[in-house]
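Enquirer: From the sequence below, what's the structure:
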Amino acid sequence: MLRACRSVLRQRVALREISNGIAPHSRRWITGTTTPVNWRGVFDGSVKLQDNSKTGLFGVPELATASGFTVLTEECIRDCSSLVQLIPSLHGVELVEAFDRLSNTICKTADLAAYIQLSHPDRLFRDEANACSLRLLQLTEQLNVHQTLHSHLAKLIAAEDEFSALPEQTQRVAQLLMNDFEVSGVQLSEEGRKLCLTLNEQLQVLQYQVQTTFSEPVVMKPRVVPEILSQYSTVPATQDGNYIIVFQGDHYHPKVRQRSYQVYHHNHQRRAQTLTDLIKSRHALATAIGYSSFAERALRFTSAGTIERVVEFLDALSEEIRPCAEKEIEVLKDVRQRCDDTSSYVLPNSATPGRDLEYTDVHYLERVMPNYLKASPTEDGEEQLTFTVGSVTEGLDQLLQRTFGLRLHPVAVGQGEVWHDSVIKLAVEQHSSESDKWSLVGHLFCDFFQRPDKDSSACHNTIRCGFNRASHPLQTPQSVLNIPSSRNVPLSIGSVSTFFHEFGHGLHSMLGQPQYQHMAGTRCSNDFAEVPSELMEFFCKHEEVIGLIADNKADSATRKRLAAKLHAREQLFQALELQETLAVARYDLEVHRRDPPCAEWIEGWYHEAQRRHASVPVPFDCAPHLRHSHSATYGGTYFSYVWARATAALLWKELFAADPFSLEAGSRYRDAVLRHGNSVAPSEMLANLLGRTPGVGDLVEALSGEVKRRNQHLLDLWETQQVVVDKVQKAKKKKYEHRGERSRERSRPKFLI
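Expert: So this is what the prediction gives:
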C-alpha cells in the first residue's frame, strides 16, 4: 500500500516534498507588491534571512534536537495503529481517505528522515534519522501485507456499482493503493506470500550489490598491466603495490583509451551473476503476483502503458535519428583528421584515412570539439556570458512570473529550521487574475553550495506532499533542491541546465496538490514525472531565457546575441548521445520481458541492442552493462527519460517555442498538467492540454525534429568554422612566405587523436 514510501526508505533517497506545517483549509492570500529582491545578495550571504523564533528542522518543533526523531517515530506508529483499527468500520470515500491518511502519516516522517540522514552535517541527527527510517520501513512492510486492510479495499473496488459512483480521483487513488498491496503478494496464499517476501528480501540484497560493486575499480598486479597503459599513462597504485585501472576516456592516445576501456569493462563473472540473479528474481516476483514479466508489471500506470508501445517508440525514434548520427560521425572524422594535421607529432596509424571511428574515439572527440571551437579565432574583445546562482534565480523568478503566474520570495528562517546556514528558504506564490492577489503555494529549501558532508549529486527531494480536500486541513508542500555549486563561483551552462531541470521537479511538487497526497506532486511514473523537468531544460536553452538569467550587465540585445553563440557550442552531438540511450533502454526492456536463461543471454541482448540502435556500438569483447549501476533501480523502465523528453519536446513545440513567455500557454500547462499531480492519467492530462491524445508518432516527430534542428545547426557551425580557420591559416602562410620563412605554427589547438 505504501510502495513509494518503502522505496524511499530502502534507497535512502527522499524524492518528494515536505511542508512547513498544516494551514487552514482556506488559502492565505498575500496582497500587494513587494520590494524587488536582491537575489545576488540572498545567495552570496550579504543579505541575512533569519528571525529569532526557535523551531526545529522544517518547522517541526520536535526536531529542534536529534532525539525528536524518536518522538516523531513513536507518534507515527501510534497514529497508524489508530487508523488501522478505524478502517474496518469505514466505507466509500471515507475508507479511501483513511488509507490516504495512513500513507501520509508515514511518508511525512519517513521522507523527512530519509533526507536528513543523507544531508545533515551533525552525525547525531543522521544516526537518529537513520534509526527512524529503519523502524518506519519495518512498519511499512507490515502494512503492505496486512490482509484486513487489503480485504476492505478489495471489497470496495469489487463492488462495481458503489465504486463507479465514487469521484474519479477517489477511484484512481484506490486503484493505485491496491496495486501497491498486490505487488507485495498480499492477495496470494500463505505459500505465495512467503515466496514474495523471500524474493523481495533477495532483491534488496541484489540491488545493494549492484549499486556497490558495479562501480568498483579494476585492481591489477604490475606484471599484468597492459604495456600500452604503463607506457603512455600514469596508473595510480594502491598501498600494497597493485595498480588501479579505470577507463581513461580523456587520454590523448587512442590505444590507451581503447585498452583501458576493455580492461575496465571486461566480463566480470561475479557481477554478471549478480545481474542475472537480480533479473531472474524480478521475473519470479512478477509472475508470482500474476504478471507475464517484470516489464509488464513495471509499465502499469505509466504514461507509455504497454511494452509494445515502448518498442514502437524506441525503434521509430532510432530510425528517424540515424541519418543525423551518421552526419555527426562525418564531422567527428573531420575533427580527428584536422587535429592530427595540426599536431606536432602523430602516432602511427592514429588517423589512417577511412578508418572507422572506435567507440572510445567518439566520446573523446565529442569532448574535443567544444575546445576546438573555443580555441578558434573569435571577435576581438568579445564578452562571454557568465551565470551565478543569484542571477539564475533572479531570471527564473522573472520567467515564472511572466509565463506561469508564479513568483519566488525569500523567507526568513527560525533558529533550527535549516540544517546549514547557507540553506535559503523560498516561498512559491501564485497570482490570481480575479482578485489581483498572490497566494502561498508552498516552500522550497535551496541547498545550493558544496560542503564536505553534503551529497554532491543534484537532486530534488520531497519531504512532505501537498494536498487539499474538504475533510482535511490544507497541507502545503515543501521541497529541497540540492544543487552542487560554489558560492561566488560562476556556473557553467551545464550546471544552469541542471538547475532548471531540478527546479522543474520542484515546480511539479509545489503545484501538484490534488485531494489525496498519495497522488501529489511527483508521485507518478518516471516517464511522466520527468516531463516538467525536461520541459524546463527547453526553456533554459532558449536564447531569450539565457539572456534573462545571465549575470552580465550588457544590454538585452547583446546578451541575446551572446546567448545564441553560447548555446551554439553546447549539445553538439545529440543524435549520437540519444542513440546510446536508446540502445540501453531497448536492452533494459528486453531482458525484463522474460526469464533470462543465463548471463551470456543477457550480454547477447546488450550487444544486439547496440547493433540495432548505435551507429558506433561498443566493442563486442566488452561488457559495459556490468558497469550500469542504474540496473539496481530501473527494471524495464530505462526508456522513461527518453519518453519524457519526447513529451516535453512536443509540449515545447506546441506551447512555448514561438513565445517562451506566453502567460496564456503557461497557465494552460500549469492548470491542465502540473496541478493534478498523478490524480489524472497522463494521457488524459495531455489530451486536455493539447486537444488530442498524442500518439507514438507525435512523440517521435517532436523529439527527432529537435535532434534534426540541432544536427543542421552543427553542420552549419562546422562549415562556418572551417571557412574562418582556413582564412586565418592562409593569411599566416602568406605572411611567412613573404618573409621567406617556413613555419610549422598553426592556428588550431594541438589535439592528438
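Enquirer: And the longest strand seen in the chain, what does it pack against?
Expert: If each strand of the chain is counted by residues according to DSSP state E, the longest one is strand 437-449. For strand 437-449, the helices and strands in contact under the criterion 3 or more CB pairs under 8 Å, 6 or more residues apart in numbering; DSSP states H and E are strand 29-30, helix 389-399, strand 406-411, strand 424-432, strand 478-485, helix 493-511. Every C-beta, even on glycine, is put in place using the N, C-alpha and C of the backbone.
Enquirer: ok, which stretches of the stretch 551-700 of the chain are helices?
Expert: Assigned by DSSP state H, counting those that start in this stretch, the helices in the stretch 551-700 of the chain fall at 556-568, 574-591, 599-613, 640-651, 663-672, 682-690, 696-738.
Enquirer: picking that back up, lowest average pLDDT across the helices and strands packed on strand 437-449?
Expert: Averaged per stretch, pLDDT over the helices and strands packed on strand 437-449 is lowest on strand 29-30, reaching a mean of 38.
Enquirer: Just checking, which helix or strand succeeds that strand along the chain?
Expert: Along the chain past strand 29-30, the next helix or strand (assigned with DSSP states H and E) turns out to be helix 39-44.
Enquirer: contact partners of that next one?
Expert: Contact partners of helix 39-44, identified using CB atoms under 8 Å, 6 or more residues apart in numbering, comprise 47, 49, 388-391, 393-394, 397, 410, 424, 448, 487-488.
Enquirer: For PyMOL, what selects the buried ones among the residues you listed?
Expert: To isolate the buried subset of these in PyMOL, counting by 16 or more other CB atoms under 10 Å, use the following:
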select buried, resi 388+389+390+391+393+394+397+410+424+448
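Enquirer: Assign residue 143 to one of the three secondary structure states.
Expert: Counting by DSSP: H, G, I helix; E, B strand; the rest coil, the backbone at residue 143 sits in helix.
Enquirer: wait, doesn't it sit right on residue 153?
Expert: No: counting by CB atoms under 8 Å, residue 143 does not reach residue 153; the two are 11.8 Å apart.
Enquirer: What part of this protein, helix or strand, is modelled with the least confidence?
Expert: Every helix and strand in the chain was compared by mean pLDDT, DSSP states H and E; the lowest is strand 29-30, with a mean of 38.
Enquirer: Give me the contact list for stretch 160-175.
Expert: When contacts are taken as CB under 8 Å, 6+ apart, the neighbours of stretch 160-175 outside the stretch itself are 92-93, 96, 99-100, 153, 156-157, 514-516, 518-519, 678-681.
Enquirer: next one: stretch 701-710
Expert: 317, 320-321, 324, 571-572, 574-575, 578, 642, 645-647, 649-650, 652-653.
Enquirer: ok so, going back, would you list the helices of the stretch 551-700 of the chain in TSV and tack on mean pLDDT?
Expert: Output for those, formatted as TSV (pLDDT from 0 to 100):
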stretch	mean pLDDT
helix 556-568	69
helix 574-591	95
helix 599-613	94
helix 640-651	97
helix 663-672	96
helix 682-690	95
helix 696-738	80
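Enquirer: and residue 216, how many residues sit next to it?
Expert: Burial of residue 216, expressed as a neighbour count using other CB atoms under 10 Å, amounts to 11.
Enquirer: Equivalent analysis for residue 312, please.
Expert: The number of residues packed near residue 312 is 16, by other CB under 10 Å.
Enquirer: distance of it from residue 614?
Expert: With the distance defined as CB to CB, to the nearest Å, residue 312 ends up 19 Å from residue 614.
Enquirer: Likewise for residue 633?
Expert: Relative to residue 614, residue 633 is positioned 23 Å away (criterion: CB to CB).
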